[in-house]
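Trainee: below are the sequence and a predicted model for it; my questions follow.
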Amino acid sequence: MKQIAIYGKGGIGKSTISANISYQLAGSGLKVAQIGCDPKHDSTRLLLGGKAQTTVLDHMGSGIKDLGDTVSVGSNGVICIETGGPEPGVGCAGRGILTAFNFMEANDVVPDDTDVMVYDVLGDVVCGGFAVPLRRKYADAVFIVTSGEFMSLYAANNVLKGIRNFDGDGRRVAGLILNRRGNEGEIEYVQNFADAVGLPVVTVIPRSGDFAEAESKGITVSEMAPDSEAAAAVSKITRIVKGLLSGKAELYPARPLDDDGLDLVAKGKKAVRGSVSRARPRKLATGEGEALRSCGAVMSVYCCAGIEDADVVVHGPRSCHCYFSGGYDSFIIFTTASRT
């Protein structure tokens, strides 16, 4: 079995592309499973006639043992699973992804005879939870969806940093997927970034009304218009995935840009290979400083509490309140404040 991770900025079109990849692979006779790793849980909608399905996290919260409709069979027999996430403003979405993966692994949710697993993953934040599919045990190859806009390239660069932190110089990146927005010069803009990080643009998805029409019908473009330009563009990706199955596809190391290199790309200038971001060496931290035992928000308040005669106003979700209401976090904050 080969496992493919599709990363990209929110709203970039990775779910639509992932569904089309899964549909085409399944149509060629392969047994495919698609796992949506996004709290929006809309990754498999186009494979299920526009319908949403019960997420893994919702199932875990129900207390029901039977998996029921947590695992659905979509178009062309694609196995559809959504990890889900917490309600907005409550809990950690990344932690939810990690919990869902642990549950799926413990309960053998995906059949053993699956040929290809496609992970559709939010790529704006590569935290511990959303980075789970980047681990070698979950993804043999990673595609990154981008467009001719700086923030999508910024997200792509962050994904490359995450891969580099896991792999070092290992080769696991299959390439970039350009999903066109229709901006002037966007192909050249993305190609400049691709050249700088040493990756190919494996396909260019055209800006087409076929996508909106297919979405209104709750199906993929590949199902509605298999001979369309859009379906042909997706087929270039499926050929690479099939090449991975036969061991013939080429993979590349992650070479993210540093801030200066990314700034040059943002301005449309050439970024040389020497501007590649370097991984920080991993080692056990030692010294007299206090250990980071909580989230960044708590430690930000901790730092601000050290300012003399300053009132600190904290604005955050309700779930953060538990960190400030007692325990070690409360102790270090108020101890620091009392010293100033």
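Mentor: Right, received. Where do you want to start?

Trainee: isn't residue 114 up against residue 32?
Mentor: Yes: between residue 114 and residue 32 a contact is recorded at 7.1 Å, counting by Cβ atoms under 8 Å. All C-beta spots, glycine's among them, are computed from the backbone N, C-alpha and C.

Trainee: ok, now which ones touch residue 262?
Mentor: Residue 262 makes contact with 153-154, 157, 271, according to Cβ atoms under 8 Å, 6 or more residues apart in numbering.

Trainee: how does it look with 7 Å?
Mentor: Residue 262 makes contacts with 154, 157, as judged by Cβ atoms under 7 Å, 6 or more residues apart in numbering.

Trainee: likewise residue 210?
Mentor: Residues in contact with residue 210, defined by Cβ under 7 Å, 6+ apart, are 221, 224-225, 228, 230.

Trainee: any idea which element the residue nearest to residue 46 when sequence neighbours are not counted lies in?
Mentor: Leaving out its chain neighbours, the residue that sits closest to residue 46 by Cβ to Cβ, 6 or more residues apart in numbering is residue 19, at 4.3 Å. For residue 19, the enclosing helix or strand under DSSP states H and E is helix 14-27.

Trainee: so how far is the following helix or strand past that helix from its chain's centroid?
Mentor: Once the chain leaves helix 14-27, the next helix or strand it forms, by DSSP H and E, is strand 32-37. When distances are taken as Cα atoms, centre = their mean, to the nearest Å, strand 32-37 is centred 12 Å away from the chain's centroid.

Trainee: put the alpha carbons of strand 32-37 into PDB.
Mentor: In PDB, the C-alpha atoms belonging to strand 32-37 read as follows (Å, rounded to 0.1, in the frame of the first residue of the first chain):
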ATOM      1  CA  VAL A  32      -8.500   3.600  -2.500                       C
ATOM      2  CA  ALA A  33      -9.300   5.200   0.800                       C
ATOM      3  CA  GLN A  34      -9.500   9.000   1.300                       C
ATOM      4  CA  ILE A  35      -9.100  10.500   4.800                       C
ATOM      5  CA  GLY A  36     -10.000  14.100   5.300                       C
ATOM      6  CA  CYS A  37      -7.800  15.700   8.000                       C
END
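
Trainee: which outside residues touch it?
Mentor: Identification of contacts with strand 32-37 by Cβ under 7 Å, 6+ apart yields 15, 18-19, 22, 25-26, 43-44, 47, 78-83, 97, 110, 114-122, 130, 133.

Trainee: now do 8 Å
Mentor: For strand 32-37, the surrounding residues in contact (Cβ under 8 Å, 6+ apart) are 15, 18-19, 22, 25-26, 42-44, 47, 74, 76-83, 97, 100, 104, 110-111, 114-122, 130, 132-133.

Trainee: so which of those residues are in strands?
Mentor: Members of the contacts of strand 32-37 lying in strands (criterion: DSSP state E): 79-82, 116-122.

Trainee: can you pick the most crowded of the residues you listed?
Mentor: residue 82 (31 neighbours; other Cβ atoms under 10 Å).

Trainee: distance of that one from residue 47?
Mentor: 11 Å (Cβ to Cβ, to the nearest Å).

Trainee: got the angle between the longest strand out of those in the chain and helix 14-27?
Mentor: The single longest strand within the chain, with elements called by DSSP E, is strand 171-179. Put simply, strand 171-179 runs at 110 degrees to helix 14-27, going by axes from the mean of the first three to the mean of the last three Cα atoms, to 10 degrees.

Trainee: if anything else comes up later, I'll come back, but that's it for now.
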